[in-house]
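# what's the 3D shape of this:
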Amino acid sequence: MQRALIAGCGALGSALGRILASHRWEVWGLRRNPTALAPPIEPIAGNLAEPESLRDLPPKLDAVVYACAAGAYDEASYGAAYEPGLENLLAALARQRQSPSRLLFTSSTRVYGEHFGAWVDEDSATGYDSFAQRALLAGEALIQRAGGTVVRFGGIYGPGRTMLLERVRRGEASCAEGVYSNRIHQADCDRVLAHLLQLSRPAPCYLAVDEEPALLCEVMGWLARELGVAAPRRLAGADASRARRGNKRCNSRRLLNSGFQFVYPSYRHGYSALVSSIRNSQEDTP
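Take a look at the predicted model:
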């Protein structure tokens, strides 16, 4: 039986743990307050910012997944979430003479500096213009020096992650012409990580986005039509310029070539079930 530790075991890590357990892995979830974790995940209390709390990791680990996320979009939160915690975890593994054959680090497509809608892949230039990019790239460099693999996720959506859909439904959404968006359904996120843990020779980095980068105005317009509400307003001038920052099309060909298949290959596949759920709830409301 293979053994995995998921550090920063929140919603994403918990779903991954359930997938691994269904394939007969033994799985531990590490977080500061692990009481929310449920079987089949074994809870471990630990603070990645405090090395002393990491002294008793499970032995003989085959895989470690670093799935921490910043608690807020500010420099302090990003600075704390990635490089320091990962460094402490790797040091704890080294002290315990553990060398897991798989190390995964969950990163973000936010690391790219492209602003004009061009295609990017794992080998494209990254940017260091923002605190978020610098923090993520520092963590990426650390895991790759340790022989691990970086997974750069696009925008995650799904049940419980419906901010864009709700903004369109409430008439609060806006978009700028020519701006691309890249996303992945949360169910596919967990499957990507499980898939990469099974590869015999994973690459150092993978882009985890669905097969269809799409113009944000197109996505919002489709949602508005499906929901039967007004189309989002179009931004102009300075507002549109700000919205074009980070404008890129992410290519997930490397992930697909590794044998992965998406359950939700486009936004239409993924959002259809969410829209249906809203319609059903409206019909059930007296």
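# could you use CA atoms for every contact and neighbour count after this?
Will do.
# got any ranges where this protein has weak pLDDT?
237-238, 281-286 (pLDDT under 70).
# strands of the stretch 101-250 of the chain, start to end?
Listed in chain order, the strands of the stretch 101-250 of the chain (DSSP state E, counting those that start in this stretch) span 102-108, 119-120, 149-153, 155-157, 174-175, 180-181, 183-185, 205-208, 214-215, 233-234, 249-250.
# who wins for proximity to A91 among these?
strand 102-108 (13.5 Å; CA to CA).
# now do that closest one: which elements does it pack against?
Under the contact criterion of 3 or more CA pairs under 8 Å, 6 or more residues apart in numbering; DSSP states H and E, strand 102-108 touches strand 63-66, helix 131-145, strand 149-153.
# okay, these in a markdown table with mean neighbour count and distance to E166 next?
Shown next, in a markdown table, are the helices and strands packed on strand 102-108 (neighbours: other CA atoms under 10 Å; distance: least, CA to CA, whole Å):
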| stretch | mean neighbour count | distance to E166 |
| --- | --- | --- |
| strand 63-66 | 23 | 30 |
| helix 131-145 | 20 | 26 |
| strand 149-153 | 24 | 22 |
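# nearest to P204, out of these?
Among the helices and strands packed on strand 102-108, strand 149-153 comes nearest to P204, with 4.5 Å by CA to CA.
# distance from that closest one to the middle of the chain?
8 Å (CA atoms, centre = their mean, to the nearest Å).
# quick revisit: now the strands of the stretch 101-250 of the chain as TSV including distance to P39?
Shown next, in TSV, are those (distance: least, CA to CA, whole Å):
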stretch	distance to P39
strand 102-108	22
strand 119-120	39
strand 149-153	26
strand 155-157	25
strand 174-175	42
strand 180-181	36
strand 183-185	24
strand 205-208	27
strand 214-215	38
strand 233-234	46
strand 249-250	36
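# so which of those strands gets nearest P84?
Among the strands of the stretch 101-250 of the chain, strand 102-108 sits nearest to P84 (CA to CA), with 13.3 Å.
# show me how far the closest one is from its chain's centre.
With CA atoms, centre = their mean, you get 9 Å for strand 102-108.
# pull that strand out as PDB, backbone CA atoms only.
Extracted in PDB, the C-alpha atoms of strand 102-108 (Å, rounded to 0.1, in the frame of the first residue of the first chain):
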ATOM      1  CA  ARG A 102       6.800  11.900  -5.700                       C
ATOM      2  CA  LEU A 103       6.700  15.600  -4.600                       C
ATOM      3  CA  LEU A 104       3.900  17.800  -6.000                       C
ATOM      4  CA  PHE A 105       3.500  21.500  -5.500                       C
ATOM      5  CA  THR A 106       0.200  23.300  -6.400                       C
ATOM      6  CA  SER A 107       0.900  26.600  -8.100                       C
ATOM      7  CA  SER A 108      -1.000  28.900 -10.400                       C
END
